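Undergrad: Everything below, folded, please.
(one chain, ligands or ions: 1)
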Amino acid sequence: HSCSNFGIPAGKGPNPVGCTDFMMDHTIKGSFFRLYYPCQETEKAEKPDWVPCKEYFNGLADFMKINRSLSEHIFKYLFGSYKIPAFLDAPYKPDGKRPVIIFSHGLGAFRTLYSAICAELASQGFIVASVEHRDQSASATYFFHEKTESETAKQTSAKTSASTDNTLVEDWMYYRALQHGEREFPLRNSQVKLRADECILALNKLFEVNSGAAVQNALKTEFDWTTLEDSMDLCRIAVMGHSFGGATVIETLCKEVKFKCGIALDAWMFPLDDEIFPRVKQPIFFINSEKFQWAGNISRMKKLDSTVIQRKMITIRGTVHQSFPDFTFLTGNWIGKLMKLKGEIDPQLAIDLCNKATLAFLQRHLGLEKNFNQWDPLIEGEDDNLIKGTNVVLLQSAI
Ligand SMILES: CCN(CC)CCN(C[C@]12C[C@](c3ccc(C(F)(F)F)cc3)(C1)C2)C(=O)Cn1c(SCc2ccc(F)cc2)nc(=O)c2c1C=CC2
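TA: Residues are numbered from 1 along each chain as shown. Now for the predicted structure:
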């Protein structure tokens, strides 16, 4: 039926969800993420737009190789009015030390596009930082530079009042497509290393916030970061990501042992060096779509199989690559299927299975004392809509 309930599903857990943006050290080297967290009931906070500003639509157009002016109107018309299922800058709800998740987006995406997953985790009691990468894999991202003398001179000459404050000027970075004839691996491998460093930087920033250190946010928001002092359990930290973000999970686990486990959603293994696989010591959960995976990609995931470290894999029947980002909820059935944004399965059922299996895996490997273990069978693929392991037929390796 055409009137399927539109909009991004809210978290199902007991906590209302807040979100706020953080940009540390306004330069390109800084850390930029959206924080989702359990918040206090509040009627005055409103829900922010799903896509923060038009530059992101422009970046998406570049990524999709469609022209900007046309696409800006199409995206605005199709997606411009959607809200995120979270309350902007709502006050944090203290409740002891909460587990922490760092989320890494896919190629051509950015920090706001996985809000159904991040809001669900926050509603279940997690603090989630969805990073926006500056490796030129995001459709768009921004940072700032100090206004230079000439810029100030130009502006003051324009205005009578001398604007002496060295205000910051926005710089936008757009998706960098592979140049003609450029080899893809060196680019993607350097990007995945930078992405891992950015996930680690975001975690270190959260550690500082947790210690009560003063917080310099380059973005002017209404959120009081000091309320997050002593809010995080620094032993219960996981890293999660979609596609290129799934590769980022593995690179990050290899580089930083503070991350106790990783969840890779439809991971794209191409950017990774084979030599890092034996160096990853933490549990990993691969949650795959039915349509995206192929033998070469799966066989690289299997190189991480281990008899001593828990490595799990499930496939959600009827899903496509876009079943994980929010787009899958935002179009009608036929256009969604046409654009490969929806698979055969109901998008809400698919993301529900993904979230519950994730929560069960997190409880097991972060040692949480919640009731997420009720979903342990999903980790083994025990559900009508799940396949244990993969549907992909693996090539018989040469004897
Ligand atoms: C032609 C461009 N070509 C670039 C190499 C391939 C483009 N592509 C397939 C697409 C993304 C698609 C998409 C988005 C969004 C609408 C919209 F209309 F809804 F906006 C439509 C159609 C176009 C499906 C992918 O890259 C798939 N993919 C992704 S998609 C992550 C993403 C991006 C933008 C989003 F808004 C949401 C999610 N993340 C990865 O890490 C990897 C891959 C492939 C390998 C590694």
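
Undergrad: quick one, helices of the stretch 51-200 of the chain?
TA: Under the criterion DSSP state H, counting those that start in this stretch, helices of the stretch 51-200 of the chain are mapped to 54-64, 68-79, 115-123, 149-158, 184-211.

Undergrad: need the least confident one among these, by mean pLDDT.
TA: Least confident of these, judged by mean pLDDT, is helix 149-158 with a mean of 70.

Undergrad: Residues of the stretch 201-350 of the chain that sit close to the ligand?
TA: Residues of the stretch 201-350 of the chain found near the ligand (CB under 6 Å from any ligand atom) are 243-244, 268, 321-322, 325, 327, 339-341. No exception for glycine: its C-beta is placed from N, CA and C like everyone else's.

Undergrad: CA atoms of stretch 196-206 as CSV?
TA: Extracted in CSV, the C-alpha atoms of stretch 196-206 (Å, rounded to 0.1, in the frame of the first residue of the first chain):
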residue,chain,number,x,y,z
ALA,A,196,40.6,5.5,11.7
ASP,A,197,42.7,8.4,13.0
GLU,A,198,39.5,10.6,13.0
CYS,A,199,37.6,7.9,15.0
ILE,A,200,40.4,7.7,17.5
LEU,A,201,40.6,11.5,17.7
ALA,A,202,36.8,11.7,18.4
LEU,A,203,37.2,9.1,21.1
ASN,A,204,40.0,11.0,22.7
LYS,A,205,37.9,14.2,22.6
LEU,A,206,35.1,12.3,24.4
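
Undergrad: Just send the residues of the stretch 201-350 of the chain next to the ligand back as CSV, with neighbour count and secondary structure too.
TA: Formatted as CSV, those follow (neighbours: other CB atoms under 10 Å; DSSP: H, G, I helix; E, B strand; the rest coil):
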residue, neighbour count, secondary structure
Ser243, 24, coil
Phe244, 25, helix
Trp268, 24, coil
His321, 21, helix
Gln322, 23, helix
Pro325, 24, coil
Phe327, 22, helix
Met339, 13, coil
Lys340, 15, coil
Leu341, 20, coil
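
Undergrad: Check the residues you listed against Ser69 and report the nearest one.
TA: Nearest to Ser69 among those, counting by CB to CB, is Met339 at 20.1 Å.

Undergrad: before we move on, the earlier item: adding distance to Asp95 and pLDDT, write the residues of the stretch 201-350 of the chain next to the ligand out as TSV.
TA: Listed next are those as TSV, based on distance: CB to CB, whole Å; pLDDT from 0 to 100:
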residue	distance to Asp95	pLDDT
Ser243	33	98
Phe244	33	98
Trp268	36	98
His321	35	98
Gln322	34	97
Pro325	29	97
Phe327	32	92
Met339	41	88
Lys340	40	90
Leu341	36	91
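
Undergrad: export those to a markdown table and tack on distance to Ile28?
TA: Below are these laid out as a markdown table (distance: CB to CB, whole Å):
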| residue | distance to Ile28 |
| --- | --- |
| Ser243 | 23 |
| Phe244 | 19 |
| Trp268 | 24 |
| His321 | 28 |
| Gln322 | 28 |
| Pro325 | 24 |
| Phe327 | 27 |
| Met339 | 32 |
| Lys340 | 32 |
| Leu341 | 31 |
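
Undergrad: Who does Met23 form a beta bridge with?
TA: Using DSSP bridges, the bridge partners assigned to Met23 are Phe32.

Undergrad: roughly how far apart are it and Trp225?
TA: Note on Met23: its distance to Trp225, by CB to CB, to the nearest Å, is 12 Å.

Undergrad: any common contacting residues for the two?
TA: Counting by CB atoms under 8 Å, 6 or more residues apart in numbering, the common neighbours of Met23 and Trp225 are Asn217.

Undergrad: Okay, now the unreliable bits of the protein?
TA: Counting by pLDDT under 70, the chain has low-confidence residues at 1-6, 155-166, 396-399.

Undergrad: picking up where we left off before, tell me the most buried of the helices of the stretch 51-200 of the chain?
TA: helix 115-123 (a mean of 27; mean count of other CB atoms under 10 Å).

Undergrad: Give the other helices and strands that that one contacts.
TA: Applying 3 or more CB pairs under 8 Å, 6 or more residues apart in numbering; DSSP states H and E, one finds that helix 115-123 contacts strand 17-24, strand 31-38, strand 98-104, strand 127-131, helix 347-366.

Undergrad: Reformat the ones you listed as a markdown table; add mean neighbour count.
TA: Formatted as a markdown table, those follow (neighbours: other CB atoms under 10 Å):
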| stretch | mean neighbour count |
| --- | --- |
| strand 17-24 | 24 |
| strand 31-38 | 25 |
| strand 98-104 | 27 |
| strand 127-131 | 26 |
| helix 347-366 | 22 |
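
Undergrad: Turn these into a markdown table, including distance to Met64.
TA: Formatted as a markdown table, the helices and strands packed on helix 115-123 follow (distance: least, CB to CB, whole Å):
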| stretch | distance to Met64 |
| --- | --- |
| strand 17-24 | 25 |
| strand 31-38 | 22 |
| strand 98-104 | 21 |
| strand 127-131 | 21 |
| helix 347-366 | 20 |
